[in-house]
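Provided below for reference: sequence and predicted model.
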Amino acid sequence: SKGGKLHDLPHDLLALIISFVSNDLHEVERFAMLSKKIYKEHFNIPNGVWKPLCIQSWKVSEQHLAQWPKMSSWKSLYATLQYWVPREGFYVLLDAYPWGILFLM
């Protein structure tokens, strides 16, 4: 058949598709194992699908990514975003009258 193959998609498009499947790192890794070719061409290279996944899955801009500390890999950043993005918001730092000291994270 002359149809396109999943492993032939650009990283950005594959990241968009994956972002609709799951944001969970373990689920994304399972998706990566669908075929050796998908893993080799998209997940096991430095400038592969992990950066677009960070942007697509966590809805962060390039400017927002620039504010995060440098990580050893885009996959590490994805795992960090998975942990911290749902926690982003206002938090009470100290019990101070009347509401405590709030900070935005």
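Looks like it arrived, so ask away. Residues are numbered from 1 along each chain as shown.

Would you point out which residue is most central in the chain?
Centroid-nearest residue in the chain: C54, 2.8 Å away (criterion: CA atoms, centre = their mean).

before we move on, which element is it in?
Secondary-structure assignment from DSSP states H and E places C54 in helix 50-58.

Excluding its own residues, what touches that helix? List them.
11-12, 14-16, 18-19, 23, 28, 43, 60-62, 65, 73-75, 77-78, 81-82, 85 (CB atoms under 8 Å, 6 or more residues apart in numbering). Bear in mind the C-beta positions are built from the backbone N, C-alpha and C, glycine included.

which parts of it are buried?
Residues of helix 50-58 classed as buried: 50-58 (neighbour count, 16 or more other CB atoms under 10 Å).

Distance from the chain centre to it, please.
How far helix 50-58 lies from its chain's middle: 4 Å, per CA atoms, centre = their mean, to the nearest Å.

What's the mean pLDDT across it?
Helix 50-58 shows a mean pLDDT of 87.

where exactly do the strands run in this protein?
90-94, 101-104 (DSSP state E).

Let's see the helix holding C54 as PDB, backbone CA atoms only.
Extracted in PDB, the C-alpha atoms of helix 50-58 (Å, rounded to 0.1, in the frame of the first residue of the first chain):
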ATOM      1  CA  TRP A  50      10.300  14.700  23.500                       C
ATOM      2  CA  LYS A  51      10.600  18.500  23.000                       C
ATOM      3  CA  PRO A  52       7.400  18.700  20.900                       C
ATOM      4  CA  LEU A  53       5.700  16.400  23.400                       C
ATOM      5  CA  CYS A  54       6.600  18.800  26.200                       C
ATOM      6  CA  ILE A  55       5.000  21.600  24.200                       C
ATOM      7  CA  GLN A  56       2.000  19.700  23.000                       C
ATOM      8  CA  SER A  57       1.200  17.700  26.200                       C
ATOM      9  CA  TRP A  58       1.800  20.400  28.700                       C
END
